[in-house]
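Asks: Build me a structure from this.
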Amino acid sequence: MTISMIGIDHDRAPVDIRALFAFTKKNAGEAMERLKETAGIYGCIILSTCNRLEIWTSHEEEQEISMYECLCRLKGIQDTSYEKYFITRKDKEAVEHLFYLAGGLKSQILGEDQILTQIKDALNLAREHFTTDSVLEVLFRMAVTAGKKIKTEAPLAHGNPSVIHQAVSHLKEQGYDMHGKTCMVIGNGEMGKVAAQTLRDAGANVTVTVRQYRSGLVSIPIGCSRIHYGERMRFLPNCDVVVSATASPNFTLRDELFQNVVLEKPLLLLDLAVPRDIDPSLGSRDGITLYDMDSFRTERLSPEAHESLIKAASIVEEQMAEFFQWLDGRDVIPRIQEIRAEAVQDLNLRIEKILKKTPMQEEDRASLLEAVDTAAGKVVNKMIFGLRDSLNQEAFLECVAGLEKVYED
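Replies: Okay, the predicted model is just below:
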């Protein structure tokens, strides 16, 4: 069996390219079901976030599967030129990538927390659609464990870093303080709530848009006001900052909506969605400054962050070793069970004559044989798994092969 992934992320492609291959939760579930039907694929998981798309599969080692072609079929894309933006990884390289990813070490904002939740959500979605298998199940669970250990033992950031946190910090460094600013957040999903709360914490006056049919049912961060989504353009001239963070496939702010809008002060637009929420052409309008998901990248690392990276690498190595020990053992366990059964049968044949000559009730003899079977099985397990823990993998597999030959007909 082979573990493989194909991915595109913020390091390899701009936001508009990433948007072509993004999945909503519903689309991802349907896509995984279709992928699982592909011959040779045992399990698949799709991880789709604002910064990346990754498709994970476990499949037959000999099976040649072009995941890029599968992805293009799912998205209805026929242009092969996009393949240059993707990277494929297999087995150890893939596992290492996922463990580092779960720790926030491959995020646009180093050490951010959201990716860990997104990995757990991707696994849960695959479970709901019955597309995961035992290998991907254990891999993703252990990646989450690695991510939690990194955040506990080798923290790379303080608080709850996200793109909106980075945006507020970046703008403050440029002299733009959110305190007292009038801000509107379009969207009240997870990212919208984080954006609203972050702006509120920075001292802004925040208004959140909600869909009219849901406005009485949804909650917004404490201290924020709400308006119906349809009222956003009426409210917009009051704003210093507008953040859009929805899962809509269409623009929430389009150029034509601004035809009759009079801006009496400079306006900052922050587009935190993939695909984009805000028409890019708005950035060329007088008085408007537009930022997107790729606008707040930073390569600066503190000495403390470097130390944390070294600790994190050690945690990843430890967790990878544990995963591959499980994976290797998974293949050999049926062989060990056969050896144990053969050994128990061998012992039974050797003591059968002795037990027949031993005076006891037949019921007691049956109970004794059952106890001997159980004890013999435990002894064999202890010896074999003891060998596994004390030998390297190659030597252990040679021992297992040797034991198999002992009981060959």
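Asks: which residue ranges form the strands in the stretch 1-150 of the chain?
Replies: In chain order, the stretch 1-150 of the chain shows strands spanning 2-9, 41-48, 52-59, 87-90, with DSSP state E, counting those that start in this stretch as the criterion.
Asks: May I see those organised as JSON lines, with mean pLDDT added?
Replies: Listed next are the strands of the stretch 1-150 of the chain as JSON lines, based on pLDDT from 0 to 100:
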{"stretch": "strand 2-9", "mean pLDDT": "93"}
{"stretch": "strand 41-48", "mean pLDDT": "94"}
{"stretch": "strand 52-59", "mean pLDDT": "94"}
{"stretch": "strand 87-90", "mean pLDDT": "94"}
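Asks: any chance of these in TSV, with mean neighbour count and distance to residue 322 too?
Replies: Every residue, glycine included, has its C-beta placed from N, CA and C. Conversion of the strands of the stretch 1-150 of the chain to TSV gives the following (neighbours: other C-beta atoms under 10 Å; distance: least, C-beta to C-beta, whole Å):
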stretch	mean neighbour count	distance to residue 322
strand 2-9	21	15
strand 41-48	23	20
strand 52-59	25	18
strand 87-90	15	19
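Asks: and these as a markdown table, adding distance to residue 292?
Replies: Conversion of the strands of the stretch 1-150 of the chain to a markdown table gives the following (distance: least, C-beta to C-beta, whole Å):
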| stretch | distance to residue 292 |
| --- | --- |
| strand 2-9 | 15 |
| strand 41-48 | 18 |
| strand 52-59 | 15 |
| strand 87-90 | 22 |
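Asks: quick one, which of those is nearest to residue 231?
Replies: Across the strands of the stretch 1-150 of the chain, residue 231 has its closest neighbour in strand 41-48 (30.7 Å, C-beta to C-beta).
Asks: Can you list the strands that that closest one pairs with?
Replies: According to DSSP bridges, strand 41-48 has the following sheet partners: strand 52-59 (antiparallel).
Asks: Dump the C-alpha coordinates for the partner strand into CSV.
Replies: These are the backbone C-alpha positions of strand 52-59, laid out as CSV (Å, rounded to 0.1, in the frame of the first residue of the first chain):
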residue,chain,number,x,y,z
ARG,A,52,-4.3,25.1,0.3
LEU,A,53,-6.0,22.2,-1.3
GLU,A,54,-4.7,18.7,-0.7
ILE,A,55,-6.1,15.3,-1.8
TRP,A,56,-4.8,12.3,0.3
THR,A,57,-5.2,8.7,-0.9
SER,A,58,-4.1,5.3,0.2
HIS,A,59,-3.9,3.0,-2.8
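Asks: Which strands or helices does the host helix or strand of residue 226 pack on?
Replies: Assigning secondary structure by DSSP states H and E places residue 226 in strand 225-228. Contact analysis of strand 225-228 by 3 or more C-beta pairs under 8 Å, 6 or more residues apart in numbering; DSSP states H and E lists strand 205-210 as its packing neighbours.
Asks: That concludes my questions; thank you for your assistance.
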